[in-house]
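Trainee: Coordinates for the following, if possible.
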Amino acid sequence: MKVANKSEVAAGTSVLFTYPHKDRPAVLIHLASGDFAAYDAICTHLGCQIHFDEEPIKGWEEKKDNLFCACHGAVFDPTNGAVLAGPPPRPMPKIRLEIETNGEIYANGYERGVPLYGEQ
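Mentor: All right, here's what the predicted structure looks like:
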């Protein structure tokens with residue numbers, strides 16, 4: 001499934017999309033390193049939506065370039081989905097990306113992890 005083109009996502013920003021179906025939120029991140037990463041956007045704690053590059057939770061103001069869940073204070077590493085803080089029991093499920101030579105970015109399954117609520 002096509003997500004975006006590399007030219008549409010500036011470094012250090014993100015784009016919300018839906019994957020694998022229209023009511024399942026996901027997030028594509030253009031990391032400062034120039035790489036791209038995508039994750040299921042449902043927190044692995046209790047299922048609230050996570051965000052990248054939004055207002056950070058209290059205590060993380062100096063490290064705003066993380067994935068945050070405002071519901072219970074979860075913080076995830078955008079490079080690998082690892083839990084950095086809060087109550088989540090496991091990392092964010094990482095979506096496999098394929099990037100064409102023309103810059104088109106496609107989501108193609110899950111690289112790691114199983115989405116909350118058994119989504120496949």
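Trainee: The residue nearest the centre of the chain: what's it in contact with?
Mentor: Nearest to the mean C-alpha position of the chain, by CA atoms, centre = their mean, lies residue 39 at 3.5 Å. Applying CB atoms under 8 Å, 6 or more residues apart in numbering, one finds that residue 39 lies in contact with 26-27, 29, 50, 67, 76, 81, 92-95. The C-beta positions use only the backbone N, C-alpha and C, and glycine is treated the same way.
Trainee: Show me the beta-bridge partners of the residue lying closest to residue 19 once chain neighbours are set aside.
Mentor: What sits nearest to residue 19 in space, not counting adjacent residues and going by CB to CB, 6 or more residues apart in numbering, is residue 26, at 4.2 Å. For residue 26, the beta-bridge partners are residue 17, residue 40 (DSSP bridges).
Trainee: wait, what's in contact with residue 26?
Mentor: By CB under 8 Å, 6+ apart, the contact list for residue 26 reads 16-19, 38-41, 95, 107.
Trainee: What of residue 12?
Mentor: Applying CB under 8 Å, 6+ apart, we find residue 12 in contact with 30-32, 53, 65.
Trainee: Relative to residue 113, how far out is it?
Mentor: 24 Å (CB to CB, to the nearest Å).
Trainee: which secondary element of the chain has the worst mean pLDDT?
Mentor: Here the helix or strand of the chain ranked lowest by mean pLDDT, DSSP states H and E is strand 51-52, holding a mean of 91.
Trainee: Which of the contacts of residue 26 are buried, as a ChimeraX select command?
Mentor: Applying 16 or more other CB atoms under 10 Å to these, the buried members can be selected in ChimeraX as follows:
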select :17,19,38,39,40,41,95,107
